[in-house]
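>>> whatever this is, show me its structure:
(one chain, ligands or ions: 3)
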Amino acid sequence: MQRLIPTLRRDQVDEELLSVINTLQICAKEISFRLHQGELAGVLGSTLDENIQGETQKMLDVLANQLLKDILLENPHVRAVASEEEEGIVEGTTEGEYLVAFDPLDGSSNIDINSLVGTIFSIMPTPKDGRTGEDMFLQPGTHQVAAGYVLYGPSTMLVFTTGRGVRMFTLDQKVGEFLLTDTDIEIPKSTCEFAINMSNYRHWEPQMRRYVDDLLAGETGPRCKNFNMRWIAAMVADVHRVLCRGGLFTYPGDSRKPGKPFKLRLMYEGNPMAMLVEQAGGIAHTGKQRILEVQPEHIHQRVSVILGSEQEVSTCLEYLQDSHSTTTDV
Ligand SMILES: O=P(O)(O)OC[C@H]1O[C@](O)(COP(=O)(O)O)[C@@H](O)[C@@H]1O
Ligand SMILES: [Mg+2]
Ligand SMILES: [Mg+2]
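Ligands and ions are numbered 1, 2, ... in the order given. This next block holds a predicted model:
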């Protein structure tokens, strides 16, 4: 079976980028090891702190962030990193050719119940126009040269794209290597499955409610078919299911917190997942535009996400089109 780096080398990925990807896979193996040790590693539970987004930090959020940051910044090809757990960017080597944005541990509320979590990452080139600091990261997702995630599940998987399709690698615990297990991933065009946190129903705009009402109405409703629902509460795991067997995943805007309608982060959740989904033939949208075309204004920007099977996302967007001309609350 093919190993990660030789597989990418055959795609003529440049050596500097390969080196960054190699560093990421080293971190992923270490995080995977600690997670699988669970309680035995003494790293479960919460810290007494909140991250800069006001969310309770788990010990593993802190540990995974420290690991990724420390190891990436030792790589001479990394100019800077941006993380969900860091307020500002952290600078590396001035000559570094690449920027890395990451969510060190996604779905971290699942840690306490020994359920699925992941790491998400996005790699962009260092701009050559003299920009410095956080401004270097403010590039649309179309600029990403590589993106992916690690799913820490019954097996640890690395799902990855450099813009030449999506590949899945599985960590062979015996040899400590990610081996290629699936290639040319294609999301089925149609689906009977959707993923949304239904408990927010009352906070959605009317057209999103109408779309979901029609899904729930099943074969006797206007959609004339029955839909199933799944929600793992870890974007990595929900998107992984969509890549494997199709589906629609959405975290739409809602009116819970005035002035803060969105939950998922653009630079290290929306963009990398959008690149994977588009590379697998799906759609990744905000409801108004391709996620990959959003011009970021700051590194922790949040965004509405609707992604997955082409036909179902298109149908959802048709429902929402009405709403954007009649409501302004999202
Ligand atoms: O708590 P909710 O509403 O189910 O939200 C779940 C969503 O929040 C997230 O967990 C946010 O990720 P973090 O754990 O990195 O903060 C997504 O992975 C997931 O889709
Ligand atoms: Mg996350
Ligand atoms: Mg996180």
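>>> so where's the stretch 101-250 of the chain shaky on pLDDT?
Of all residues in the stretch 101-250 of the chain, none has pLDDT under 70.
>>> let me know the average pLDDT across the helix or strand hosting residue 312.
According to DSSP states H and E, residue 312 maps onto helix 310-326. For helix 310-326, the mean pLDDT works out to 83.
>>> which outside residues touch that helix?
187, 189-191, 194, 205-208, 210-211, 214, 247-248, 250, 281-285, 287-288, 306-307, 330 (C-beta atoms under 8 Å, 6 or more residues apart in numbering). Any C-beta I mention is one placed from the backbone N, CA and C, and that applies to glycine too.
>>> quick one: buried residues of that helix?
Across helix 310-326, burial judged by 16 or more other C-beta atoms under 10 Å covers 310, 312-313, 315-317, 319-320, 323.
>>> got those as TSV, with distance to residue 120 columns?
Shown next, in TSV, are the buried residues of helix 310-326 (distance: C-beta to C-beta, whole Å):
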residue	distance to residue 120
310	22
312	23
313	20
315	27
316	23
317	24
319	28
320	25
323	28
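>>> now the residues you listed as JSON lines including distance to ligand 2?
Converted to JSON lines, the buried residues of helix 310-326 look like this (distance: C-beta to the ion, whole Å):
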{"residue": "310", "distance to ligand 2": "25"}
{"residue": "312", "distance to ligand 2": "23"}
{"residue": "313", "distance to ligand 2": "21"}
{"residue": "315", "distance to ligand 2": "26"}
{"residue": "316", "distance to ligand 2": "22"}
{"residue": "317", "distance to ligand 2": "24"}
{"residue": "319", "distance to ligand 2": "26"}
{"residue": "320", "distance to ligand 2": "23"}
{"residue": "323", "distance to ligand 2": "26"}
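>>> what's the closest of those residues to ligand 3?
residue 313 (24.4 Å; C-beta to the ion).
>>> contacts only, for the residue nearest the centre of the chain.
By C-alpha atoms, centre = their mean, the chain has its centre lying nearest to residue 269, at 3.5 Å. Residues near residue 269 by C-beta under 8 Å, 6+ apart: 103, 106, 120, 235, 305.
>>> report the contact partners of residue 197.
Residue 197 neighbours (C-beta under 8 Å, 6+ apart): 231, 233, 251.
>>> the strands in the stretch 151-300 of the chain, which residues?
Using DSSP state E, counting those that start in this stretch, the strands of the stretch 151-300 of the chain run over 156-161, 166-172, 177-182, 193-195, 228-229, 248-251, 264-265, 283-285.
>>> redo those strands as JSON lines? Include mean neighbour count.
Shown next, in JSON lines, are the strands of the stretch 151-300 of the chain (neighbours: other C-beta atoms under 10 Å):
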{"stretch": "strand 156-161", "mean neighbour count": "24"}
{"stretch": "strand 166-172", "mean neighbour count": "21"}
{"stretch": "strand 177-182", "mean neighbour count": "18"}
{"stretch": "strand 193-195", "mean neighbour count": "23"}
{"stretch": "strand 228-229", "mean neighbour count": "12"}
{"stretch": "strand 248-251", "mean neighbour count": "24"}
{"stretch": "strand 264-265", "mean neighbour count": "20"}
{"stretch": "strand 283-285", "mean neighbour count": "23"}
